[in-house]
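Engineer: Quick check, what structure comes out for this input:
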Amino acid sequence: MRTGIIGAGIAGLTTAIALQRQGIPTEIFEAAPEIKPIGAGLGLAANAIKAFRHVGIAEAVIAAGLSLDSYRILDEQGHIINATDSNLLSQRYGLNNFTIHRAELHRVLQDHIAPGTLHLHKKAIDLKQTTAGIELFFEDGSTTTVNHLILADGINSPIRQKLLPQVQPRYAGYTCWRAVIENPGLNLTAAIETWGTKGRFGYVPLAHNKVYWYACVNAPQNSAVMQAYNITDLRKTFSHYHAPIPEILAHTQTHQLIWNDICDLPALPRYSFGNILLIGDAGHATTPNMGQGACQAIEDGVVLAEVWRKANSFAEAAIQFEKIRRNRTQWVIKQSYRLGRVAHLQNRFLVNLRNKVFRIMPAAVNQSQLDKLFQIQF
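Structural biologist: Below you'll find the model as predicted:
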């Protein structure tokens, strides 16, 4: 029996590792002709590290990243709106705030898949159900047949669009620039996100003396103006924000920028289609406001391996996976979308009101949400 995974991102690679460790052979088909060390930084919360521990690779992942002492939301003058202490996180969930370069995480994951199971330059564009299984058609003209298919090829998955043509990505209302730069001498030990009337700016230290930063501003979708933005434009936009934001931008060059509109997927009616299953961003892409996109993708792989181990068939496992994962991932999508709307308020009166509410919010409210995210069993 052949199990195919479309997409060698975080979801696809984690799933391959989890399944292979259950003795289920898998093959991964990746559209890119080569795996390049690209991308920016990302955070991995306690639920993601728990999942990695379950499959035995947490220490390798942790060694490639950096633990932080806190996560803080500030206003544009640098005053605290909300904060989470990593010591408290560690005591309650067993892990501090953690950050890693996406390329480093990919490297670790690739190191743990079975040799010879990753096939590059294989962009799946169509499929056909046959008596022999699921025939996959690739952009290069080749085909292959698998018995079970796991779609992990992202928010714009062409196969998902054939299965659910009515489902389209939803624009969140803001666009984003990211970059990873050499640390210009800043003493950074926390993840910081600043909410201001001109937009949102976040920065975190990475391993190997790097800094990852991102900037989001409200804008029309597919804006030619935003696409043409360079580092000079961003320096002007955030010039009045607190230190070290101007300094970070001063040490960034235009060629280092990664730009894209922020989108998610509205609630999919289903993730399972018999011997076909949607996971990761192909099934539940979320905005990055809760730092849970990669975390939920990682959870997917571990949960699928566990339910398949107990099921009589892949189709049965896919149905069980959907029952377990759909409510949780859709909750994350909704919460993250709402948080983004709140973070991107521009009216000064509403901004001041929001900041005041967040400052007086009882710690139990934050704790309740973190418990829902982090207290997960595999």
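Engineer: ok, how many other residues are close to the closest residue to Cys176 other than its chain neighbours?
Structural biologist: Nearest residue to Cys176, sequence neighbours excluded (CB to CB, 6 or more residues apart in numbering): Cys216, at 4.5 Å. All C-beta atoms are positioned from the backbone trio N, CA, C, and that covers glycine. Neighbours of Cys216 under the rule other CB atoms under 10 Å: 24.
Engineer: partner residues bridging Cys216?
Structural biologist: Cys176, Arg200 (DSSP bridges).
Engineer: list the contacts for it?
Structural biologist: 174-176, 199-201, 262, 344 (CB atoms under 8 Å, 6 or more residues apart in numbering).
Engineer: Closest one to Gln330 out of the residues you listed, please.
Structural biologist: Ile262 (17.8 Å; CB to CB).
Engineer: The closest one reaches Trp177, doesn't it?
Structural biologist: No. Assessed by CB atoms under 8 Å, Ile262 is found out of contact with Trp177, at 11.0 Å.
Engineer: picking that back up, top of the contacts of Cys216 by neighbour count?
Structural biologist: Phe201 (26 neighbours).
Engineer: so who does that one touch?
Structural biologist: Residues near Phe201 by CB under 8 Å, 6+ apart: 193-194, 213-216, 238, 241, 245.
Engineer: same check, this time on Pro266
Structural biologist: 167, 170, 333.
Engineer: Equivalent analysis for Ala103, please.
Structural biologist: Ala103 sits in contact with 36-39, where contact means CB under 8 Å, 6+ apart.
Engineer: Which ChimeraX command selects the buried ones in those residues?
Structural biologist: Selection of buried members from the contacts of Ala103 for ChimeraX, criterion 16 or more other CB atoms under 10 Å:
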select :39
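Engineer: element containing Glu322, please.
Structural biologist: helix 314-343 (DSSP states H and E).
Engineer: what packs against that helix?
Structural biologist: Packed against helix 314-343 by the contact rule (3 or more CB pairs under 8 Å, 6 or more residues apart in numbering; DSSP states H and E) you find strand 170-182, strand 258-264, strand 272-273, strand 276-278, helix 281-284, helix 293-310, helix 363-374.
Engineer: who's in contact with the closest residue to Ala45 other than its chain neighbours?
Structural biologist: In space, and not counting its chain neighbours, Ala45 is closest to Cys295: 5.2 Å by CB to CB, 6+ apart. When contacts are counted by CB under 8 Å, 6+ apart, Cys295 is found next to 44-45, 47-48, 51, 373.
Engineer: Return the members of those residues classed as buried.
Structural biologist: By neighbour count, with 16+ other CB under 10 Å, the contacts of Cys295 hold 44-45, 47-48, 51, 373 as buried.
Engineer: I'd like to know which of the residues you listed is nearest to Asp85.
Structural biologist: Distances from Asp85 to the buried ones among the contacts of Cys295, taken by CB to CB, are shortest for Ala45, at 14.5 Å.
Engineer: How confident is the prediction for the closest one, by pLDDT?
Structural biologist: Here, the pLDDT recorded for Ala45 equals 90.
Engineer: and what of Leu95?
Structural biologist: Value listed for Leu95 in the pLDDT field: 69.
Engineer: and what of Lys372?
Structural biologist: 83.
Engineer: That one - nearest residue in space that isn't next to it in sequence?
Structural biologist: In space, Lys372 is closest to Trp331, 7.7 Å off (CB to CB, 6+ apart).
Engineer: The one you found and Asn260, how far apart?
Structural biologist: 24 Å (CB to CB, to the nearest Å).
Engineer: Listing request: residues of the stretch 251-378 of the chain with sub-threshold pLDDT.
Structural biologist: Judged against pLDDT under 70, the stretch 251-378 of the chain has no low-scoring part.
Engineer: Try it again at 80.
Structural biologist: Of all residues in the stretch 251-378 of the chain, those with pLDDT under 80 make up the ranges 363-366, 375, 377-378.
Engineer: hmm, back to that, considering the contacts of Phe201, which possesses the most neighbours?
Structural biologist: Result: Ala215 is most packed of the contacts of Phe201 (other CB under 10 Å), 28 neighbours.
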